[in-house]
Structure formats: structure tokens, C-alpha cells
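Peer 1: sequence and computational prediction follow.
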Amino acid sequence: MFDNYIENLKDQIINSTCELINIPSVYSDNSNSTMPFGEDCNKALEYMLNLGESLGFRVKNVDGYCGYIEFGQGDELMGIIGHLDVVPVDDTWSYDPFSATIKENKIFGRGAIDDKGPVIATLYAMKAVMDNYVINKRVRLILGLNEERDWKCIDYYKNNEEIPNFGFSPDADFPCIYAEKALLNVHLFQDYDSNDKIKISHIDFGNNAMNVVPKFCEIQLLISNEINIAECINSLKSIVKSHNFNIEIENNADIITLKSYGISSHSAHPDLGKNAISPIIITLYEILHLYSLNIDIITFFRHYIHMQYNGDDLQLGCCDESGKLTLNVARFSLEKNKLTISMNLRIPVHTSIDTVKSQFNKLLAESSIDISYDGEKDALYIPKDNELITTLCNIFNESTGLNTMPIAIGGATYARAFPNCVSFGANMPNCEDMCHKADEFISIDNLILSAKIYANVIYKLTV
């Protein structure tokens, strides 16, 4: 019912998506209290609020933490919750990630699918409804700025603004998400001030985000004169070859440098990437073992984490309709004589976070390894026959001619922050999920189709 109207807005939708992508809204520290997540995140917020106001909406900047764009009248509030911040980029892009590139009917740029393109699609969907119908509820597009880190933006919103009665987040997949796994970051620590024959002197994990599969890790080993360095290098080469690891080995005097290369992906789908940290830790374990050396945290990793993506070696044994527990080894560091391994876990919806913590604590009870937890987020679960779920799926299927069913994901969206709220789009079924990947893009056809679907949903849920 909104197809022609959205088609007439197509150029505006494309241009607005590109302009928003061009703002490099990666988190940065900022002492200015009006820009708690950095100047660029604030620029993205200001851009959206100005755009919303120019399109005829009511807008509000919520103290720099977030903002919203709203229309309609009534006591009930429908929330559409998206985010404007993006994960950092690396140097493997074919295009400038913060200068939107249109090629092959796709818009390339960081945030194209996560979550700037979908946010723009929902804004113009709101415009289509506002300009053509009188609704009996209010519709509010809530704009977060800290989704890729610790959700302080949404915490601030919930403490200061009206909570929606129902809604969706355009930050995952169509047709609809009925379950999102729980999240937990696990950090292992060990004091390290070694004079062993092989000593770790430096680690570089590329400042990788916790929710990204790392694509690079470098470690430097200081080799004592008790070891024949040529033999050590040959042993390392043999280890790397036996596992088919993508690790380069370099030597300069008594320093051996290992450089591991992988493939980035979202940590909700670690199997779609190739972790660069795990191979380097396994290689380190085997070379230490060869010389009868031991570092507890490395040995623990070898026995319980290894190269697993699903945490089976941790003896957690949790799997349900949302899938297995997955694990992303996100960071490996050496700072101030302390070795740290940090992991991002996605926990099945019917397994408690406390169960996972208890197992880690049990395994480490007699060791020299310390542990801490953060980034904890409870699972989202809404039965498939819930009215909101069935309405969203039906509208998607009617709009596309498909016959799809609601799905469970390992990703975490703002939907879990609010009651009666689920994730809805904008990645289409059977399309590659480019979230957090190099050369991230959104198909222009899918961007416009998403706007049409969102307009139908907003109308259906508010008249």
C-alpha cells in the first residue's frame, strides 16, 4: 500500500543513507559531557535529528546520549530502536569505508547494514505513514550511539525517557527474531614476569572489538641463548604447517615474531570468520611444551578452548532451539606484566549465565588464573505464536511472497532492552550478512524493500 510513495522517495533514501555513512561514528573518548561517545557519534545524531525535523517530525536530543524522532498522537508508544555508532575499520577495505560508494546497485560503507541503512529505511517508512494516514498511537525512532560497546545510551534513555509499549529493532534479520542468545564477556588474567628460555615480550591484537572475530594477531618471543634459535624457528614452522595455520614467522637477532592472519566476522557467527588469535596461542602452547615450559593461562586455553567455536571443551553442554553456545576469542594482550585472554560468549536462551560462570569458576578454582566478567546481557525470548511475532512475519511474507518462519540469533540488539520488542530486519533471508565485515554493503533494492515493509508494519500496528 506504500510502494509507490516509497519509490518516489528512493533517491532521498539513498542520499540520506550515503550521507549518514559518511560520518565516521566510531566511539571515541571525549571529555565533553554533551558528547559522551565522541564528536563523530554526536555528528551522526545531529544529522539524524536535523533530517527528521526537515521531514516534519518532532525530535529530541537526549543530553547527547541518544535522541529520538517521533510522530502521531495517543497514549500508546511504538518504539523503533536503532543505532548510529559503528565498529572500527581496518585497512582491508576495497573502498573508503566512510565515503559511501555505490556500485553494482549496492551501497558500500561502514554501517550500511549495521545499522545506518535500516535506520534510514525506518525513518522514511515513518514519513510514508505520517503523510498518508492518521494513526492513533505515537511512533518513536530511538537513536542509540553506544550499541557496539556497552549500551550506555539506552541505559540513559530508559532512566530518563518514556518506555515504548511495544516495537522492533531494525538491526538483525528478516522475517523476525523471536530469540536472542544471552551475552557474556569472559576475561582470563595471569601475572607474567618470566625469565624462561622462551619469553613473550610483546602482543598486538589490533585493538579488536569484543564483538568481532579478530583478523590479526602478532606476538614477539624473546629467545634465550640456551636455545638454538634456528632449531626453534624450524620447530615453529613445523607446528604452523601441521595445523595449516596462516602464520608468518620472522626473526631478528634473538626475537622471533609470529604474525597470524584471519577473517573478520561478527562474533555472533564466529564460524563465518577465521580467528587469528586462537592459532597463535595454540602455536605458543606447542613450542613451550616442546621445551618443557608452561604458562598456565596458555595451557588452560589449549585444554578447554583450543580452536572451538562452540565451547564444547568447557563441558557446558548447552544447546537448545537457539543453537549451541558460541565463543569468540576476541583479545590477547600483555600489559604491565599481566597476560589476558578475553572471550565473547553467546549463550543459548534456556541456559542461565550463572551456569556458564559456575563452570569457568570450577575449572579455574585451583589455578593461578584470575577471571572477571562483563558485558552481561540476558537472553530475549518471545514465543513464536506471540501476536507481535506473527504480525511481523505475516507482513514480511506478504510483502515478499516468501513463506518464512521466525528465527533465533546469537546477535544482541536493542530489542532485548525493552518489553514486547523484537528484532525485525533488515538483512534479507539467504543474503550474506555483511555486519562487521570489510566492504560492508546494503543492496539498494533491499534498502527500498525494507522501507516498504517497515511502512506496512508501522501502519498495521498503529491504526
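Peer 2: Ah, there it is.
Peer 1: the bottom helix or strand of this structure by mean pLDDT?
Peer 2: strand 319-320 (a mean of 80; mean pLDDT, DSSP states H and E).
Peer 1: neighbouring contacts of it?
Peer 2: Strand 319-320 is contacted by residues 325, 348-351 when judged by C-beta atoms under 8 Å, 6 or more residues apart in numbering. C-beta: built from backbone N, CA, C; applies to glycine.
Peer 1: in helices only, show me those residues.
Peer 2: Using DSSP state H, no member of the contacts of strand 319-320 sits in helices.
Peer 1: I'd like the residues you listed as JSON lines, with distance to residue 461 appended.
Peer 2: Shown next, in JSON lines, are the contacts of strand 319-320 (distance: C-beta to C-beta, whole Å):
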{"residue": "325", "distance to residue 461": "34"}
{"residue": "348", "distance to residue 461": "29"}
{"residue": "349", "distance to residue 461": "25"}
{"residue": "350", "distance to residue 461": "28"}
{"residue": "351", "distance to residue 461": "32"}
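Peer 1: residue ranges of the helices in the stretch 251-400 of the chain, please?
Peer 2: 277-290, 296-300, 353-364, 387-400 (DSSP state H, counting those that start in this stretch).
Peer 1: looking at those helices, which is buried most?
Peer 2: helix 277-290 (a mean of 22; mean count of other C-beta atoms under 10 Å).
Peer 1: check which helices and strands it sits against.
Peer 2: strand 198-204, strand 216-223, helix 229-243, strand 247-252, strand 255-261, helix 296-300, strand 326-335 (3 or more C-beta pairs under 8 Å, 6 or more residues apart in numbering; DSSP states H and E).
Peer 1: make CSV out of these and add distance to residue 141 and mean pLDDT.
Peer 2: As requested, the helices and strands packed on helix 277-290 are arranged in CSV below (distance: least, C-beta to C-beta, whole Å; pLDDT from 0 to 100):
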stretch, distance to residue 141, mean pLDDT
strand 198-204, 40, 97
strand 216-223, 36, 97
helix 229-243, 48, 97
strand 247-252, 46, 97
strand 255-261, 40, 97
helix 296-300, 45, 96
strand 326-335, 30, 95
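Peer 1: mind putting these into CSV with distance to residue 378?
Peer 2: CSV is the format used below for the helices and strands packed on helix 277-290 (distance: least, C-beta to C-beta, whole Å):
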stretch, distance to residue 378
strand 198-204, 32
strand 216-223, 31
helix 229-243, 37
strand 247-252, 38
strand 255-261, 34
helix 296-300, 27
strand 326-335, 17
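Peer 1: out of the ones you listed, which is closest to residue 307?
Peer 2: Go through the helices and strands packed on helix 277-290 one by one with C-beta to C-beta and the one that ends up closest to residue 307 is helix 229-243, at 8.4 Å.
Peer 1: now do that closest one against strand 198-204, angle only.
Peer 2: Computed by axes from the mean of the first three to the mean of the last three C-alpha atoms, to 10 degrees, the angle separating helix 229-243 from strand 198-204 equals 60 degrees.
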